[in-house]
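1. could you look at this predicted model? Sequence included:
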Amino acid sequence: MINPNEPGSGESLLSSLFPGEVVTRALVRDVELPYGAGTMALITLDNGRDHTRPDTFGPASLISLREALDAVAARVDKGDIAAVGVTGKPFIFSAGADLSGAALVVARDEALAIGRLGHAVFRRLGELSVPSFAFVNGVALGGGLELALHCSYRTVSSGVTAAGLPETFLGIVPGWGGTYLLPQLIGPASALKVIIENPLSQNRMLRGPEVLSLGIADVMFEPADFLAESIRWAARVLTGAQSVPRVRPPGGWTAANWDRAAAAARLFADGKLHGAAPAPYQAIDLVAAARGRTRDEGFAAEDEALADLILSEEFRAGLYALDLTQKRARFAVGAPDASLGRPVTKVGVVGAGLMAAQIALLFARRLEVPVVMTDLDQARLDAGLGHVRAEVARLRDRGRIGADDAARLTALVTGSLTKDAFADADFVIEAVFEEITVKQQVFAEVEAVVRPDCVLATNTSSLSVTEMAAGLAHPSRVVGFHFFNPVAMMPLVEVVRAGATDDATLATALAVGQRLKKNCVLVKDAPAFVVNRLLTRFLGEIIGCVDEGTPFEVAEHAPDPLGLPMSPFFLLQLIGPAIALHVTETLAAAYPDRFTVSPKLRALVAAGKAAVYRPDLTVDESVAALLAGGDRPSTAGEVRERALEALAEEIRLMLDEGVVAAPEDIDLCMILGAGWPFHLGGITPYLDRTGITEKVTGTRFRI
């Protein structure tokens, strides 16, 4: 049995599990505090790499921190040290556990030892006989934030853009003190927001001001002089000149507070996952039980939960998905030489509808270049510009941008009723009605006024980019650039290489995608590309079951065990029945053997129904009536199996067609563009491990 409290006990075994660990060293220096507060032993966490390789904690890194704390504790005992501080290298406090080795853990004893070692090391910071201070100067995720929670006091930089406890997003729980310490510090409701709600909401991160407002940090300072100000603040705390109020109410939080918070978190998790993934529910249970546990009991419970979950299928799947989104997503497979890309100093947007306005604002925010929108009449143009200005004001009011940035953004986005305004543009993207003849006309009009090297991009969701460019003098500069809605939030752009698209155009488009902070996947010009093709097939099979007589409620909840981000008919409502019908018609024309147009979907559109659910989430009875009828009902299990088998078939065909380079690109598109759950991993390994791929195609996607 490995005992993390005994140096050397099993540590060689633990270290052997992480053979490639980039060790984070705990570097100690003395700082003489002002105001006569004494000497602080300041520990800086640094793995010797730049900010692109954040500090993490594997076994060797934890041992380095323990050795540093042992030496500091000895000096504390001698009276040489008045306080201990811990901070990180520039821009990084700590990104938490080293997950690269976690996938190599195969025995529960090993997993248990990792949890125990982290607890044994981190808790020393809070159990020294002098105060400890965490100076959170940058990224603080998972175990990094938990390290700070073990300290007596915390400061945070206003420049922090990523702090949080994302473990449940990956299929585990905060396992080094988070589920016990955080609710004790800021209360169970706020703690469960950080531990459950944020991770399950597309892994939302906390910024510095939020870390402060939640009460996780005691004070916030600006980045420029963050460490110096933090040290001065710590000195005032030590001398008693600075009081440190906490959010904890007198007498602590009541049992009713804890019960309500846990019930609300379970309801939230049910809405997102329908019980499909165990980790969030275990985390809620740990937080709920923390009220009645000692620190030792709370930490031991975390150890046991973490040991179980590290070996779970969901965590392995989460690691695969994380690896895709952190590594493969950085560079589009099959991309041409980036040096071929041309600079983009002005952007044109054809259209001023909601999607076009979102695109215009994103270009202005990220590229910081002039953006001009055009439309057919002044009323439409004014509406589009109005949306941009309203969104800029909202960003300003929420503190996401300052007043100067708001004024600059508003000035960057302008409108014109003629396309002559695109004459000096380097990149023009159309976001008009999804009709091929309309888009061909738009491109012809744009080509007549722009320079020969201006990139012409289309935001089409399903139409042929090659056909769109066919009548142009320079079809080589046309590229698909498909955003997902909402544009600012969804991280994926499908970059579509049409038949004539040249390398310079493609390189320029991919570079623009990177500057927009989007993950680009290079796809072939095939109907509906990747995400919409798969979602349409999936949704089509489910609506097909309703056409045959499956009750709406049965079909709607058939995919619940997968834990998808939304149910089929909520997805239909988000897309819009008319758009869904149009995409289905496009795919049915291309692949009539697999895609059929649902008569009930056509009836919804003919009746002018834009939504299935009312604002209060009840079903519109008139919609339910249109969806009724049929004499061949299926069970929920049959509906789910049929939809998944259809996905397996379609993915195999897409790979055979060369729509993308590899199954990993399908997985990446579905995770980033359709919200395919992290706990399932990519869609192709999920279909493989459930046996669906082999049943449908006779082989696996991933050998």
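-> It's in.
2. from here on, contacts and neighbour counts on C-alpha atoms
-> OK.
3. next helix or strand past the lowest-mean-pLDDT helix or strand in the chain?
-> The weakest-scoring helix or strand in the chain, judged by mean pLDDT, DSSP states H and E, is helix 11-16 (a mean of 65). Scanning forward in sequence from helix 11-16 by DSSP states H and E, the next helix or strand is strand 25-33.
4. direction included, what does that following strand pair up with?
-> Using DSSP bridges, the strands paired with strand 25-33 are strand 38-46 (antiparallel).
5. model confidence over the partner strand, on average?
-> The predicted model assigns strand 38-46 a mean pLDDT of 97.
6. and stretch 186-206, by the same measure?
-> 95.
7. who touches that stretch?
-> 161-169, 174, 179, 182-183, 214-216, 247-248, 253, 257-258, 261-262, 265, 268-269, 272, 280, 283-284, 287-288 (C-alpha atoms under 8 Å, 6 or more residues apart in numbering).
8. quick one: buried ones out of those residues?
-> 161-169, 174, 179, 182-183, 214-216, 253, 258, 261-262, 265, 268-269, 272, 280, 283-284, 287-288 (16 or more other C-alpha atoms under 10 Å).
9. A217 looks like it's in a strand, true?
-> No - read with DSSP: H, G, I helix; E, B strand; the rest coil, A217 is coil and lies in no strand.
10. dump the residue contacts of the residue nearest to it when sequence neighbours are not counted.
-> Spatially, and ignoring its direct neighbours in sequence, A217 is nearest to R154 (4.8 Å; C-alpha to C-alpha, 6 or more residues apart in numbering). The contact partners of R154, taken as C-alpha under 8 Å, 6+ apart, are F133, A134, F135, V136, A148, I216, A217, D218, V219.
11. doesn't R154 belong to a strand?
-> Yes - the assignment for R154 is a strand, going by three-state DSSP.
12. and the helices in the stretch 401-550 of the chain?
-> Ranges of helices in the stretch 401-550 of the chain, per DSSP state H, counting those that start in this stretch, are 403-412, 436-447, 465-469, 503-515, 531-548.
13. ok, and what's touching the helix or strand encompassing V72?
-> Per DSSP H and E: V72 is located in helix 59-77. Taking contacts as C-alpha under 8 Å, 6+ apart, the residues outside helix 59-77 that touch it are 11, 14-15, 18, 21, 23-28, 41, 43, 81-82, 84, 114, 117-118, 121, 124-125, 128-130.
14. show me where the stretch 301-450 of the chain has strands.
-> 347-350, 371-374, 413-416, 427-430 (DSSP state E, counting those that start in this stretch).
15. save those strands as a markdown table, and put in mean neighbour count and distance to L655 too.
-> Shown next, in a markdown table, are the strands of the stretch 301-450 of the chain (neighbours: other C-alpha atoms under 10 Å; distance: least, C-alpha to C-alpha, whole Å):
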| stretch | mean neighbour count | distance to L655 |
| --- | --- | --- |
| strand 347-350 | 26 | 33 |
| strand 371-374 | 26 | 37 |
| strand 413-416 | 20 | 40 |
| strand 427-430 | 26 | 28 |
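16. can I get the ones you listed in JSON lines with distance to A646 and mean pLDDT?
-> Formatted as JSON lines, these follow (distance: least, C-alpha to C-alpha, whole Å; pLDDT from 0 to 100):
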{"stretch": "strand 347-350", "distance to A646": "36", "mean pLDDT": "98"}
{"stretch": "strand 371-374", "distance to A646": "40", "mean pLDDT": "98"}
{"stretch": "strand 413-416", "distance to A646": "43", "mean pLDDT": "96"}
{"stretch": "strand 427-430", "distance to A646": "32", "mean pLDDT": "98"}
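17. those strands: which one's closest to V605?
-> Across these, V605 has its closest neighbour in strand 427-430 (25.1 Å, C-alpha to C-alpha).
18. what's the closest non-adjacent residue to V130?
-> Nearest non-adjacent residue to V130 (C-alpha to C-alpha, 6+ apart): A83, at 5.3 Å.
19. I'd guessed that neighbour sits against A41; true?
-> Yes - using C-alpha atoms under 8 Å, A83 makes contact with A41 at a distance of 6.5 Å.
20. so which residues make contact with the helix or strand harbouring T684?
-> Using DSSP H and E, T684 maps to helix 683-689. Helix 683-689 has contacts (C-alpha under 8 Å, 6+ apart) with 644, 648, 663-664, 666-667, 670, 676, 680, 693-694, 700-702.
21. need the residues that contact the helix or strand hosting V639.
-> Assessed by DSSP H and E, V639 sits inside helix 636-657. The contact list for helix 636-657 (C-alpha under 8 Å, 6+ apart) reads 534, 537-539, 541-542, 545, 554-555, 557-559, 660-663, 666, 684, 687, 692-693, 696-697, 701.
22. out of those residues, which end up buried?
-> The buried subset of those - by 16+ other C-alpha under 10 Å - is 534, 537-539, 541-542, 545, 554-555, 557-559, 660-661, 663, 666, 684, 687, 692-693, 696, 701.
23. any weak-confidence spans in the protein?
-> For the chain, residues meeting the criterion pLDDT under 70 lie at 1-15.
24. any idea which residue of it is furthest from its center?
-> Within the chain, K78 marks the point farthest from the mean C-alpha position, 47.7 Å out by C-alpha atoms, centre = their mean.
25. mind checking how far that residue is from T418?
-> 79 Å (C-alpha to C-alpha, to the nearest Å).
26. ok, P19 next?
-> Taking C-alpha to C-alpha, one finds P19 at 62 Å from T418.
27. how about Y35?
-> 67 Å.
28. check A411 too.
-> 19 Å.
29. now I172
-> Distance from I172 to T418, by C-alpha to C-alpha: 55 Å.
30. so which of those two has more stuff around it?
-> I172 (28 against 14; other C-alpha atoms under 10 Å).
31. measure the residue farthest from the centre of the chain to S129 for me?
-> The gap separating K78 from S129 is 11 Å, by C-alpha to C-alpha.
32. again with A624
-> With C-alpha to C-alpha as the criterion, A624 and S129 are 67 Å apart.
33. how near is A473 to A448?
-> Taken as C-alpha to C-alpha, the span from A473 to A448 is 9 Å.
34. that'll do, ta.
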